[in-house]
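Engineer: Sequence first, predicted model second:
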Amino acid sequence: MEKSDILKVNKLVFEYILNLDDVELKQLLNGVKFLELRDGEDAGEKLSPNKSSNKKVIGKKLESSKRKPRASRIENDSDDKRLEEVLIKLNSVITKEEAYDYLKNSGLKVNELKAIAKKAEIFVKSRSKKEEIIDKLVQGTVGVKIKMKILKEG
């Protein structure tokens, strides 16, 4: 591949990412969503980052293997969607206190919290208690955002 082709691809990706809204960008950065390359309907068609139909941000699925991990024993897709919504809400919260209150009052069970941690790629010990899992989730989402903000500003 030539250098000019690499630069063209780079430009396409940057333009696409610049057109994402804040929620989509946060989901992409936190691993809730990812970019996927697909063949277009027409091989000669140019993908435009401004057209919403060309967006290829697709959510991760837990059903990547036949056997589900213990931490993510979720009965159906509605539970999976609910956990994704909790993770999105958690990533949109600004302060650690808000995140703690939200998770404590959410009524989520330990296995659901573990599944959320797994989606967020936050390591949680198998014998962790609910409070420890909530703490890890808050530190791994809101805490990281706060640290990054301090590093960028400071």
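Structural biologist: Now that the structure is in, tell me what you want to look at.

Engineer: From residue 97, how far off is the residue positioned nearest the centre of the chain?
Structural biologist: Geometric centre of the chain, nearest residue: residue 32, 2.0 Å, by Cα atoms, centre = their mean. Distance of residue 32 to residue 97, computed by Cβ to Cβ, to the nearest Å: 23 Å. Placement of C-beta: from N, CA and C, glycine included.

Engineer: Residue 147 now?
Structural biologist: For residue 147 relative to residue 97 (Cβ to Cβ), the value is 16 Å.

Engineer: Helices of the chain, residue ranges please.
Structural biologist: 3-18, 22-29, 77-92, 96-104, 110-119, 130-138, 144-153 (DSSP state H).

Engineer: domains for this protein, by residue range?
Structural biologist: Per automatic domain parsing, the domain ranges recorded for the chain read 3-59, 70-153.

Engineer: Lowest-scoring secondary structure element of the protein by mean pLDDT?
Structural biologist: strand 57-59 (a mean of 42; mean pLDDT, DSSP states H and E).

Engineer: start to end distance for stretch 129-145?
Structural biologist: Chord length of stretch 129-145, first to last residue, is 24 Å (Cα to Cα, to the nearest Å).

Engineer: Show me what counts as buried in that stretch.
Structural biologist: Neighbour-count burial for stretch 129-145 flags 133-138, 140-142, 144-145 (criterion: 16 or more other Cβ atoms under 10 Å).

Engineer: contacting residues around residue 140?
Structural biologist: 117, 120, 122 (Cβ atoms under 8 Å, 6 or more residues apart in numbering).

Engineer: how does it look with 7 Å?
Structural biologist: 120, 122 (Cβ atoms under 7 Å, 6 or more residues apart in numbering).

Engineer: Which pLDDT value belongs to it?
Structural biologist: If you check residue 140, the pLDDT there is 90.

Engineer: do the same with the one 3 residues further on
Structural biologist: Residue 143 carries a pLDDT value of 90.

Engineer: Just to check, it is in contact with residue 95?
Structural biologist: No: the pair residue 143 / residue 95 is not scored as a contact, 10.4 Å apart, by Cβ atoms under 7 Å.
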